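Colleague: mind folding the following:
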Amino acid sequence: MASTGTTRRGRLRIYLGAAPGVGKTYAMLSEAHRRLERGTDVVVGFVEHHDRPRTEVLLHGLEAVPRRELTHRGGTFTEMDTAAVVERAPAVAVVDEMAHTNVPGAGHEKRWQDIEELLAAGIDVLSTVNIQHLESLGDVVESITGVRQRETVPDEVVRRADQIELVDMDPQALRRRMAHGNVYAPDKVDAALSNYFRPGNLSALRELALLWTADRVDEYLQRYRSEHRIRSTWQARERIVVGLTGGPEGRTLIRRASRMAAKGSGSEILAVHIVGADGLTPASPDSPKELAVQRALVEDLGGTYHHVVGEDAAEGLLDFARGVNATQIVLGSSRRKAWQYLFGPGTGASVARDSGPDLDVHIVTHDQVGRGRGLPGAHVSPVGRSRQVAGWLTALAGPCLLTMGLRVIDPHIGFANDVLLFLVVTVAAGLIGGLLPALGAAAVGSALLNYFFTAPPHTWTISNARNILSLVVFFGVAVAVASVVDLAARRTHQAARLRAESEILSTLAGSVLRGEDSLDELLERVRETFGMESAELMEREDERGSWTCAAGVGQHSGGPLTRPEDGDVDVPVGDHMMLVLRGRVLPAEDRRVLAAFAAQAAGVLDRQRLLGEAESARELAEGNRIRTALLAAVSHDLRTPLAAIKASVTSLRSDDVAWSEDDEADLLEAIEEGADRLEHLVGNLLDMSRLQTGTLAPLIRGTSLEEVVPKALRGVPDGSVRLALAEALPLVAVDPGLLERTVANVVENAVKYSPADRKVLVRASALGDRVELRVTDRGPGVPDTAKERIFEPFQRQGDAPGASGVGLGLAVARGFAEAMDGALEAEDTPGGGMTMVLTLRAAHGRGRPAKSARAATAGALPRVT
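Modeller: I've put the predicted structure just below:
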């Protein structure tokens, strides 16, 4: 491909997958063969088949550009020869593993940079990438899998792709492919399935891939609609817009929209509040608090909240709905009274009229219909009292002084000039004192102009009709100018106030985002913000109950409050709570911000109480778990040794049989073994009893699994267990005695059900801040419906062999694990059987080097790419 003039940029097609093995490379090579059959010049820049036969077969028939060999730290590696591919100049280049990090000396650090070079040379590229390699999802993937991905691709590089094709596979199907050896070598399958490729991990990664792809499709759809100026709604996904006014009916609308969204899969709820275009439109006194409650409700129901500025509420709501490609709008029936419809049809009627055929508008009734929205409060003058006095003096004295001056200096300058001079006085009065002084100046000026400067003078009669028009115009202009001046002053005053309110609310929102939950600090901020002497949060159980102080700061000479009415300011929070301030009476506009503080204070108090209740519930649940474990141990573990001792003693005391010395020795040995076992069990049970009563806590300390696990295996038959612990495991935060009993019980259970010719595998590995001990057997397994039931006391899967012994029971093992802040779960073993997964917290520090007792087959986990 010769480069002449400006070379067009190549097109990039990416095959995106949730995990290795889903078939990305296979799909990419299949597309390469399809293009080759159509006569397209296709070469392979770099594809690694990882010894997968089906992938290797697809490489046959495709021209491959020789790789570049590089030496690094004594080893020889191969990388794509980007320069050779560019020189070959094919129409399409196949480049696998977009997130791969090149060997130093290869040119670019990352393979996606090699791909960018090919695209710049006009070569189309087919490539692959897994969802976990996207840079923005690194933390999310690490929290899911416990593995930090070091090979990443910037999201923007993937977004710029001309085509993104999702290669999807069910997690169970992928695990079956793994178990059949279609992805990794057989010696790495078990480790991969028990770590990175667990069903939960794969399901979460699959969801990430699906959601990321869906978002990209939505972005493309929005861009296409914008480029083609499509304003009509395309109902690709149900999006329900809820119009909120800040009134109490908003919660009803949100819940109604949530029920509508629940009827369709993938529906979205978008709540929107429209304010005036200047951002200064005042709301009702309850609006800030009510909007905060409604916003929390929307977010709890999985929706989003939006604050939109618009000249007209109906027009702004429709513009927002069309902009987000909404399909439905939910509005409340108007709260207007009948006479208020004289001023217009209302927002709901306007939206329904102008929505068009693509938007469905739902008008929902509620208990506030027809009750009225209230009238706005009286305007507070934006100027001080001294300026108002100066303005009235200017309005009354200014026209009089101007009249005297004109009569003395030049009474014949012309009526038009007289009008202009009086207009100047009127504007000055408006600038100084506001609207009312300006109106007074206009009235006084009109009277003086009529009496002194219109013919005939010194009478209230006007002979010239044009002078009448001049006076009318003068008065109209004076009123208009005064109104504009007053409006500007009010807007300046409102802007300054709202700026201060915004700063206060921003500080409050920041405390919420930072998770600050100190109620005293919040009340102190309220007291300082509003300059009050004290701030208290009072509550009562019901309407007839007495008020009590839940929290308070500051001091007041009046002593403690007994009821909210004794304070200077009280703001209700719900039905049985009140924020009460003492010090001075606040103006109505301050109550808007105070309502937000009150709602936050109530939320903090509720959160503190919920945390306390959760802690109490946790302690109670832990006590119940230990009590259950104790009962299970007593009934399940003591029965067998007691029965053995009783049988041996009964035999020795029997006169019907003459026992030989060897028989007597065997019976005495059985009695001794049973007594030793009872002593061990009773000692542990006494410790657990003290633990349950709170007199003994688990001795949690950093412990090496290499010390505890071999001890736990002493009670199982020789040769029945294969131990494989990973290299340099971290210490685990456990009670060594409880851990030993837990592992022993789980292993005994696995040996009991595993075939005699199949060893139970015990292995451990580190995953982030956790350590997993996995006990794998090849027995009959357990159905998914019974996996939780086997952890209940006295539950068995089938008939246990009679000679296998009795352990503590899986219920006791799980109780001990949870007492150490761990977990015990059951999973299916690929190929048949069951795997018990004991998850423990890692302690600080690393374990000791591996001992020779570790199985030689225990290798490192497979590298995940």
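Colleague: give the contact list for residue 542.
Modeller: residue 576 (C-beta atoms under 8 Å, 6 or more residues apart in numbering). The way it works is simple: take the backbone N, C-alpha and C, and place the C-beta from them, glycine included.
Colleague: helix, strand, or coil at it?
Modeller: With DSSP: H, G, I helix; E, B strand; the rest coil as the basis, the three-state label of residue 542 is coil.
Colleague: for residue 136, give me its contacts.
Modeller: residue 155.
Colleague: by contact count, what packs against the longest strand anywhere in the chain?
Modeller: For the chain, the longest strand by residue count, based on DSSP state E, is strand 834-846. Under the contact definition 3 or more C-beta pairs under 8 Å, 6 or more residues apart in numbering; DSSP states H and E, strand 834-846 sits against strand 701-703, strand 730-734, helix 736-753, strand 770-776, helix 810-819, strand 823-828.
Colleague: take the ones you listed and lay them out in a markdown table including distance to residue 656.
Modeller: Output for these, formatted as a markdown table (distance: least, C-beta to C-beta, whole Å):
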| stretch | distance to residue 656 |
| --- | --- |
| strand 701-703 | 52 |
| strand 730-734 | 51 |
| helix 736-753 | 35 |
| strand 770-776 | 45 |
| helix 810-819 | 39 |
| strand 823-828 | 48 |
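Colleague: quick one: which of the ones you listed is nearest residue 669?
Modeller: Judged by C-beta to C-beta, the one of these that comes nearest to residue 669 is helix 736-753, at 21.1 Å.
Colleague: now do the longest strand of the chain and strand 823-828, the angle between them.
Modeller: Per axes from the mean of the first three to the mean of the last three C-alpha atoms, to 10 degrees, the angle that strand 834-846 makes with strand 823-828 is 140 degrees.
Colleague: alpha carbons only: can I get strand 834-846 in PDB?
Modeller: Only the C-alpha atoms of strand 834-846 are listed here, as PDB (Å, rounded to 0.1, in the frame of the first residue of the first chain):
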ATOM      1  CA  MET A 834     -17.200 -31.100  46.600                       C
ATOM      2  CA  THR A 835     -14.700 -28.400  47.600                       C
ATOM      3  CA  MET A 836     -14.900 -26.700  51.000                       C
ATOM      4  CA  VAL A 837     -13.500 -23.200  50.900                       C
ATOM      5  CA  LEU A 838     -12.300 -21.800  54.300                       C
ATOM      6  CA  THR A 839     -11.600 -18.000  53.900                       C
ATOM      7  CA  LEU A 840      -9.500 -16.300  56.500                       C
ATOM      8  CA  ARG A 841      -8.200 -12.800  57.000                       C
ATOM      9  CA  ALA A 842      -4.500 -12.300  56.300                       C
ATOM     10  CA  ALA A 843      -2.400 -10.900  59.100                       C
ATOM     11  CA  HIS A 844       0.500  -8.400  58.700                       C
ATOM     12  CA  GLY A 845       3.700 -10.100  57.700                       C
ATOM     13  CA  ARG A 846       4.600 -13.100  55.500                       C
END
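Colleague: partner strands of that strand, with direction?
Modeller: In the sheet, strand 834-846 lines up against strand 730-734 (antiparallel), strand 770-776 (antiparallel), strand 823-828 (antiparallel) (DSSP bridges).
Colleague: okay, the helices and strands packed on strand 834-846 in JSON lines with mean pLDDT next?
Modeller: Putting those into JSON lines (pLDDT from 0 to 100) gives the following:
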{"stretch": "strand 701-703", "mean pLDDT": "89"}
{"stretch": "strand 730-734", "mean pLDDT": "90"}
{"stretch": "helix 736-753", "mean pLDDT": "86"}
{"stretch": "strand 770-776", "mean pLDDT": "90"}
{"stretch": "helix 810-819", "mean pLDDT": "80"}
{"stretch": "strand 823-828", "mean pLDDT": "89"}
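Colleague: what about residue 99, distance to residue 213?
Modeller: Distance from residue 99 to residue 213, counting by C-beta to C-beta, to the nearest Å: 17 Å.
Colleague: higher neighbour count, those two?
Modeller: It is residue 99, of residue 99 and residue 213, that has more neighbours when counted by other C-beta atoms under 10 Å, with 23 against 16.
Colleague: report pLDDT for the more buried one.
Modeller: Looking at residue 99, its pLDDT reads 90.
Colleague: OK, contacts around it?
Modeller: Residues counted as contacts of residue 99 (C-beta under 8 Å, 6+ apart) are 110, 111, 112, 129, 130, 133, 151, 152, 153, 865.
Colleague: wait, the first one touches residue 153, no?
Modeller: Yes. Taking C-beta atoms under 8 Å as the definition, residue 110 is a contact partner of residue 153 at 7.5 Å.
Colleague: sorry, back to before: so how far is the longest strand of the chain from its chain's centroid?
Modeller: 28 Å (C-alpha atoms, centre = their mean, to the nearest Å).
Colleague: repeat that for stretch 821-836.
Modeller: 30 Å.
Colleague: how about the longest strand of the chain, which residues are buried there?
Modeller: Going by neighbour count (16 or more other C-beta atoms under 10 Å), the buried part of strand 834-846 is 834, 835, 836, 837, 838, 839, 840, 842, 843.
Colleague: wait, residue 821 sits on residue 732?
Modeller: No. With contacts counted by C-beta under 8 Å, residue 821 stays clear of residue 732, the gap being 10.5 Å.
Colleague: same for the helix or strand containing residue 291, what does it pack against?
Modeller: Under the criterion DSSP states H and E, the helix or strand holding residue 291 is helix 287-300. Where contact means 3+ C-beta pairs under 8 Å, 6+ apart, helix 287-300 is packed against strand 239-244, helix 250-262, strand 268-275, strand 304-309, helix 590-637.
Colleague: need the CA coordinates for the fourth one. CSV is fine.
Modeller: In this case it means strand 304-309. Output in CSV follows, covering the C-alpha atoms of strand 304-309 (Å, rounded to 0.1, in the frame of the first residue of the first chain):
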residue,chain,number,x,y,z
THR,A,304,-30.8,9.5,39.4
TYR,A,305,-31.6,13.1,40.4
HIS,A,306,-31.0,16.1,38.1
HIS,A,307,-31.2,19.9,38.8
VAL,A,308,-32.0,21.7,35.6
VAL,A,309,-32.2,25.5,34.8
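Colleague: next, the buried residues of the following helix or strand past that strand.
Modeller: Later in the chain than strand 304-309, the nearest helix or strand by DSSP H and E is helix 313-323. Neighbour-count burial for helix 313-323 flags 313, 314, 316, 317, 318, 320, 321, 322 (criterion: 16+ other C-beta under 10 Å).
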